[in-house]
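Participant: Model the following, please.
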Amino acid sequence: MANEDNTKLFVDEPSDRRTYGSIPSGSGNEIRAGYDVGSEFVDSTLDESVWETLKRDLVRVGRNLKQVLLPTSTGTDGTQHTLRDWDLWGPLVFVLVLSSALCIGASHPSTVFAVVFVIVSVGAVVLTANVQLLGGHIIFFQSLCVLGYCLFPLSMAAVASIFLHNKVARMVVVTGAVLWAASAALPFIGSSVPDTRRVLAVYPLLLLYTCLAWLTLVKS
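Facilitator: Next comes the predicted model:
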């Protein structure tokens with residue numbers, strides 16, 4: 001009787017095991033390698049070329065960038081459910097661009113690069129941890145991804161500041177970049193915490209963007 005119960009237990013229990021193998025692609029003798037998860041067959045990327053990997057990552061970066069900077073394209077649910085397929089390649093590139101642009105023309109470029117890189121990296125981690133401590137429902141790396149993609153306007157403003165020597169023109173560009181970055185990040189951060197704690201989550205974000213904007217404005 002005990003053996004029958006144990007057998008029934010293992011038979012009825014849902015399984016998450018992945019069955020690896022290959023299936024016909026639908027034409028000729030071409031075979032698709034991958035693994036089976038439930039009823040879905042997921043393609044394996046182990047045998048693809050380097051160019052295919054780069055192309056797939058670039059497409060994903062472009063798609064995620066559009067979802068973050070143009071939140072109206074994500075649907076009526078806003079940015080709360082955006083970037084399920086998150087990545088950190090895009091944020092890394094934008095942080096490097098921002099740091100490199102701000103260190104050009106500086107008397108100590110290596111120091112400026114390190115300071116900007118640390119401010120952005122540590123700031124994003126602190127902002128995410130702050131939202132979680134405030135009771136927000138947020139995925140850690142997804143939040144880092146969104147905050148990193150929201151740096152795109154500031155990165156472009158930093159690049160433009162290399163060629164803009166007029167203070168007024170630089171201020172207009174930087175102000176527009178800050179407003180764009182804030183408008184993209186605030187819905188995501190604000191909707192992740194209770195309404196009574198929203199200010200506590202949003203204030204550090206605005207402080208980070210203001211600090212980066214000031215570094216861009218005072219750039220020589």
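
Participant: in whichever strand or helix holds Val61, what's buried?
Facilitator: Following DSSP states H and E, one finds Val61 within helix 50-69. Within helix 50-69, the residues that count as buried by 16 or more other C-beta atoms under 10 Å are 61, 64, 67-69. In this view, the C-beta of every residue, glycine as well, is placed from N, C-alpha and C.

Participant: same thing with stretch 95-109?
Facilitator: So for stretch 95-109, counting by 16+ other C-beta under 10 Å, buried means 95, 97-103.

Participant: And stretch 138-157, by the same measure?
Facilitator: In stretch 138-157, the ones that count as buried by 16+ other C-beta under 10 Å are 138, 142-157.

Participant: Show the end-to-end separation of it, please.
Facilitator: Stretch 138-157 has its terminal residues 29 Å apart, counting by C-alpha to C-alpha, to the nearest Å.

Participant: That one: how far from the chain's middle?
Facilitator: 5 Å (C-alpha atoms, centre = their mean, to the nearest Å).

Participant: For the spatially most central residue of the chain, give me its contacts.
Facilitator: Among the residues of the chain, Cys145 comes closest to the average C-alpha position under C-alpha atoms, centre = their mean, at 1.7 Å. Residues near Cys145 by C-beta atoms under 8 Å, 6 or more residues apart in numbering: 64, 83, 86-88, 90-91.

Participant: Separate out the buried members of the residues you listed.
Facilitator: 64, 83, 86-87, 90-91.

Participant: Please tabulate the residues you listed in JSON lines, including the columns secondary structure and pLDDT.
Facilitator: Output for these, formatted as JSON lines (DSSP: H, G, I helix; E, B strand; the rest coil; pLDDT from 0 to 100):
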{"residue": "Asn64", "secondary structure": "helix", "pLDDT": "77"}
{"residue": "Leu83", "secondary structure": "coil", "pLDDT": "56"}
{"residue": "Trp86", "secondary structure": "coil", "pLDDT": "72"}
{"residue": "Asp87", "secondary structure": "coil", "pLDDT": "76"}
{"residue": "Gly90", "secondary structure": "helix", "pLDDT": "84"}
{"residue": "Pro91", "secondary structure": "helix", "pLDDT": "88"}
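
Participant: tell me which of those residues is nearest to Ala124?
Facilitator: For those, the residue nearest Ala124 by C-beta to C-beta is Pro91; the value is 7.8 Å.

Participant: got the contact list for that closest one?
Facilitator: Going by C-beta under 8 Å, 6+ apart, the list of residues near Pro91 reads 124, 144-145, 147-149, 151.

Participant: Tell me the secondary structure of Val193, please.
Facilitator: Here Val193 is recorded as coil under DSSP: H, G, I helix; E, B strand; the rest coil.

Participant: Which single one of the contacts of Cys145 is nearest to Leu206?
Facilitator: Looking across the contacts of Cys145 and measuring by C-beta to C-beta, the closest to Leu206 is Pro91, at 18.8 Å.

Participant: That closest one and Ala106, how far apart?
Facilitator: Distance, Pro91 to Ala106, by C-beta to C-beta, to the nearest Å: 23 Å.

Participant: Leu217 too?
Facilitator: Following C-beta to C-beta, the distance that separates Leu217 from Ala106 is 14 Å.

Participant: Same question for Tyr203.
Facilitator: 29 Å.

Participant: Pull out the buried positions in stretch 190-202.
Facilitator: 190-193, 198, 201-202.

Participant: can these go into JSON lines with extra columns for distance to Phe113 and pLDDT?
Facilitator: Output for the buried residues of stretch 190-202, formatted as JSON lines (distance: C-beta to C-beta, whole Å; pLDDT from 0 to 100):
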{"residue": "Gly190", "distance to Phe113": "31", "pLDDT": "79"}
{"residue": "Ser191", "distance to Phe113": "34", "pLDDT": "80"}
{"residue": "Ser192", "distance to Phe113": "31", "pLDDT": "81"}
{"residue": "Val193", "distance to Phe113": "33", "pLDDT": "84"}
{"residue": "Arg198", "distance to Phe113": "34", "pLDDT": "85"}
{"residue": "Ala201", "distance to Phe113": "29", "pLDDT": "87"}
{"residue": "Val202", "distance to Phe113": "28", "pLDDT": "88"}
